[in-house]
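Colleague: Sequence first, then the predicted structure:
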Amino acid sequence: MQVLLLGTMVPDSVKEFCFAKGIRTSAADSVQHYMAHGLEAMDKVESVDVIGAVRLKTWPRTSILHLDSAVQKASKGTMTGVGYLNLPMGSFLLREHALVSEAKKWAKKHRDASDVMVLVYSMHSPFMKAAKAVKKRIPTARVVLTVADLPLYMDMRGTVRKLLKKMDWRRIQALMPFVDKYLLYTKYMADYLQLPEGKWMVFEGLIDNSRVVTGPQEKYPEKICLYAGNLDARYGIDTLIDAFRKCRSEAKLYIYGAGFDSGRIAALVEPLNNVEYKGQVTPDEILEIMKKATLLINPRPSAIGLAKYSCPSKTFEYMASGTPALMNKLPGLPEEYAPYVLFFDEETAEGYATKIDEVLSRPQEALQQFGLHAAAFLRKEKNSLAVMKKVVEFIGK
């Protein structure tokens with residue numbers, strides 16, 4: 001099997017360039033790496049090539065005006081990051097053109113292959129259009145779309161942004177007939193997208209075992225609770241901060257991440273003695289920090305519109321660290337995870353504070369064993385090879 005992965009995964013040189021400009025990789029990039037690694041480990045997969053493009057805010061909202069293309073050797077193929085001008089009102093189409101052009105080159109090279117899979121990460125029209133370009137040149141190619149989020153449930157603030165999202169949604173719908181199978185992060189997405197049985201499977205995520213702990217970790221001397229992720233008021237971060245005003249325990253809350261509300265949140269926590277905003281760090285750095293924490297918290301409310309259409313990737317990252325995770329019982333979270341995470345009883349600041357105090361009163365050894373139990377579950381059931389074998393089997397039906 002020849003595999004092409006289309007998404008946001010790019011060569012190290014591009015990531016380093018973006019990092020130097022203050023732009024970090026997202027959790028979605030890590031998931032794509034895990035998918036590629038799982039496929040590369042399979043004997044039946046002859047090659048895995050990646051064509052990726054960084055998604056940026058346009059210049060001058062970000063300091064990057066131009067991204068150069070780059071190529072990097074991969075385990076069973078090459079990883080290509082397309083270059084484009086990051087101009088206002090033009091970067092979207094310029095990035096799409098670069099992706100489609102590179103996809104056509106890949107299709108020309110593999111036009112005689114008998115078994116081709118095009119794996120698209122995220123419901124984003126430039127990636128889907130590039131997949132369509134391959135399908136037109138290799139009609140037997142199977143196009144598989146991973147739907148991690150529904151576009152119309154992502155950030156829609158601002159009139160212009162709403163308009164552009166709705167325009168892109170129409171383009172996405174026009175491209176869906178070229179998709180053969182779907183990997184959905186929750187079962188509810190199938191109803192929203194009106195997909196028939198047999199055309200989709202639930203794919204809530206995966207992880208490389210190299211990132212999953214296998215034994216007890218050294219902890220901070222203080223009780224440290226941690227939130228790491230998108231700093232968006234919709235995800236309950238304000239309620240969590242308010243909870244730490246009410247906690248009786250002497251724990252501290254460290255907040256890591258970036259997002260629309262990062263500046264406001266940094267100002268909000270400045271006068272507090274037990275809450276600190278730590279900024280943004282690399283995925284490797286945050287994993288080491290999570291290992292040392294006492295408790296990892298995700299305050300995303302279960303009632304927000306996107307809750308049943310998302311299974312937060314941070315749940316996997318939290319569980320992999322071997323530190324217990326505390327969250328709300330989101331409708332999109334599969335039941336099989338219930339024994340491996342802790343849940344809030346009430347989604348209010350008072351409810352959060354009560355549960356945090358109760359969890360932190362438990363013996364450290366009990367908390368550590370709970371966290372390691374969750375990590376062992378991931379290592380056995382959700383490692384990249386095991387999950388991608390299921391994906392390939394599903395696609396072949």
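Modeller: Received, thanks.
Colleague: CA atoms for contacts and neighbours, from now on please.
Modeller: OK.
Colleague: For G81, list each beta-bridge partner.
Modeller: Applying DSSP bridges to G81 yields these beta-bridge partners: G52, A70.
Colleague: So it is in contact with R55, correct?
Modeller: No - G81 is beyond contact range of R55, at 11.3 Å (criterion: C-alpha atoms under 8 Å).
Colleague: quick one: which of those two has more around it?
Modeller: Between G81 and R55, G81 has the larger neighbour count (other C-alpha atoms under 10 Å), namely 29 against 13.
Colleague: check contacts around that one.
Modeller: Residues in contact with G81 (C-alpha atoms under 8 Å, 6 or more residues apart in numbering) are M9, V10, P11, V14, I51, G52, A53, V54, S69, A70, V71.
Colleague: how about low-confidence regions in the stretch 151-300 of the chain?
Modeller: For the stretch 151-300 of the chain, applying pLDDT under 70 flags the ranges 153-161.
Colleague: can you map out the strands along it?
Modeller: Taking DSSP state E, counting those that start in this stretch to define them, one finds strands in the stretch 151-300 of the chain at 181-184, 200-202, 224-228, 252-256, 275-279, 295-298.
Colleague: what about those, which gets the closest to A130?
Modeller: Evaluated with C-alpha to C-alpha, these place strand 181-184 nearest to A130, the distance being 16.2 Å.
Colleague: ok now the closest one, how far from the chain's centre?
Modeller: 16 Å (C-alpha atoms, centre = their mean, to the nearest Å).
Colleague: Also stretch 164-179?
Modeller: Centre to centre, stretch against its chain (C-alpha atoms, centre = their mean), the figure for stretch 164-179 is 21 Å.
Colleague: same check, this time on stretch 49-57
Modeller: 14 Å.
Colleague: Endpoints of that stretch, how far apart?
Modeller: End-to-end span of stretch 49-57 (C-alpha to C-alpha, to the nearest Å): 26 Å.
Colleague: Identify all contacting residues around that stretch.
Modeller: 3-10, 62, 74, 76-83, 86, 95, 99, 102-103.
Colleague: Which of these fall in helices?
Modeller: R95, L99, E102, A103 (DSSP state H).
Colleague: Just the closest of those to A41, please.
Modeller: A103 (23.5 Å).
Colleague: ok, A233 to I304 distance?
Modeller: Plainly put, A233 is 11 Å away from I304 if you go by C-alpha to C-alpha.
Colleague: picking that back up, CSV for the strands of the stretch 151-300 of the chain, including mean neighbour count?
Modeller: Converted to CSV, those look like this (neighbours: other C-alpha atoms under 10 Å):
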stretch, mean neighbour count
strand 181-184, 24
strand 200-202, 20
strand 224-228, 23
strand 252-256, 21
strand 275-279, 18
strand 295-298, 25
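Colleague: Rebuild those strands as a markdown table, extending it with distance to K380.
Modeller: Formatted as a markdown table, the strands of the stretch 151-300 of the chain follow (distance: least, C-alpha to C-alpha, whole Å):
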| stretch | distance to K380 |
| --- | --- |
| strand 181-184 | 21 |
| strand 200-202 | 18 |
| strand 224-228 | 25 |
| strand 252-256 | 28 |
| strand 275-279 | 33 |
| strand 295-298 | 22 |
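Colleague: out of the ones you listed, which comes closest to S262?
Modeller: S262 sits nearest to strand 275-279 of all these, at 8.4 Å, using C-alpha to C-alpha.
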